[in-house]
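Colleague: Got a predicted structure here, sequence first:
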Amino acid sequence: MEQLMLKVEPLNTWNPCCWAPETPLSGISVVKDMSGVHAYITCSSWIAPTLLADVLCHIFSCCCVAEAQLKLFNLRARRLDSNILGTPDAYVEVFCGSANLGETSVRHNDRNPWWDEDFNHFKAQENDVMRLEVHDHDIGFDDLLGVCQRQIKLGTHEHECFLEEGGSLHYTYTLG
């Protein structure tokens, strides 16, 4: 008898309530490997393609839909406040949930900087908090010009937020 084995990953979002081993589907079993990192779906007998498709959709929707790709792009600031030392040398530091996604390059002596960097996070979840910190790069330590923070939603969204020290930050993100 032919055996079909499919590897499902990542398992870090595995929801055991979603797929119970006692589900009465003859010839299909779901087994975690010893590392606890992967799950294997084994089909030891012939199964109708439509039933297999239904089972796979159910399993993948339980295991994988919780995580999505976040892409942040189109960052630009306007009317950043000048300090005693002159025009700001601005950059943006990006966070999603507890993950630090990195920072943009520093745009020197520019009150209206734009950045062409994109930031991607492959384990984002809807309602995670995305936090953008706009800093002025200085010798010694950097000044925080303001923070933009919001819960992310599925789809593509464009936002502008006003910074505590003056000016605004415009950005676009896609979650999906």
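Modeller: Good, I have the coordinates.
Colleague: got the residue ranges for the helices in this protein?
Modeller: For the chain, applying DSSP state H gives helices covering 49-63.
Colleague: Let me see the ranges of the strands in it.
Modeller: 4-8, 28-32, 39-43, 68-78, 90-96, 99-103, 114-115, 119-124, 129-136, 143-151, 155-162, 168-175 (DSSP state E).
Colleague: now, of the ones you listed, which is deepest in the fold?
Modeller: For the strands of the chain, the largest average neighbour count (mean count of other Cβ atoms under 10 Å) is found in strand 90-96, namely a mean of 22. The C-beta positions use only the backbone N, C-alpha and C, and glycine is treated the same way.
Colleague: Contacts for that one, please.
Modeller: 70, 72, 75, 77, 80, 100-107, 110, 113, 115, 119, 121, 124, 128-137, 145, 152, 169 (Cβ atoms under 8 Å, 6 or more residues apart in numbering).
Colleague: Switch the strands of the chain over to CSV; also include mean pLDDT and distance to I84.
Modeller: Formatted as CSV, these follow (pLDDT from 0 to 100; distance: least, Cβ to Cβ, whole Å):
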stretch, mean pLDDT, distance to I84
strand 4-8, 48, 57
strand 28-32, 54, 60
strand 39-43, 54, 58
strand 68-78, 96, 19
strand 90-96, 98, 16
strand 99-103, 98, 24
strand 114-115, 98, 25
strand 119-124, 96, 31
strand 129-136, 98, 11
strand 143-151, 97, 10
strand 155-162, 98, 22
strand 168-175, 98, 22
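Colleague: Kindly state the beta-bridge partners for L70.
Modeller: H121, L175 (DSSP bridges).
Colleague: How about the contacts made by it?
Modeller: 96, 119-122, 124, 128, 130, 152, 173-175.
Colleague: Can you tell me which of the residues you listed is nearest L163?
Modeller: Using Cβ to Cβ, M130 comes nearest to L163 of those, at 15.7 Å.
Colleague: gap between that closest one and H121?
Modeller: To H121, M130 is 9 Å away according to Cβ to Cβ, to the nearest Å.
Colleague: D110 too?
Modeller: D110 is 27 Å from H121, by Cβ to Cβ.
Colleague: Please apply the same query to H170.
Modeller: H170 is 20 Å from H121, by Cβ to Cβ.
Colleague: Can you report how many residues neighbour N109?
Modeller: 11 (other Cβ atoms under 10 Å).
Colleague: Which residue, other than its chain neighbours, is closest to it?
Modeller: Counting by Cβ to Cβ, 6 or more residues apart in numbering, N109 lies nearest to T87, which is 4.4 Å off, once chain neighbours are set aside.
Colleague: number of nearby residues for the one you found?
Modeller: Neighbours around T87, by other Cβ under 10 Å: 16.
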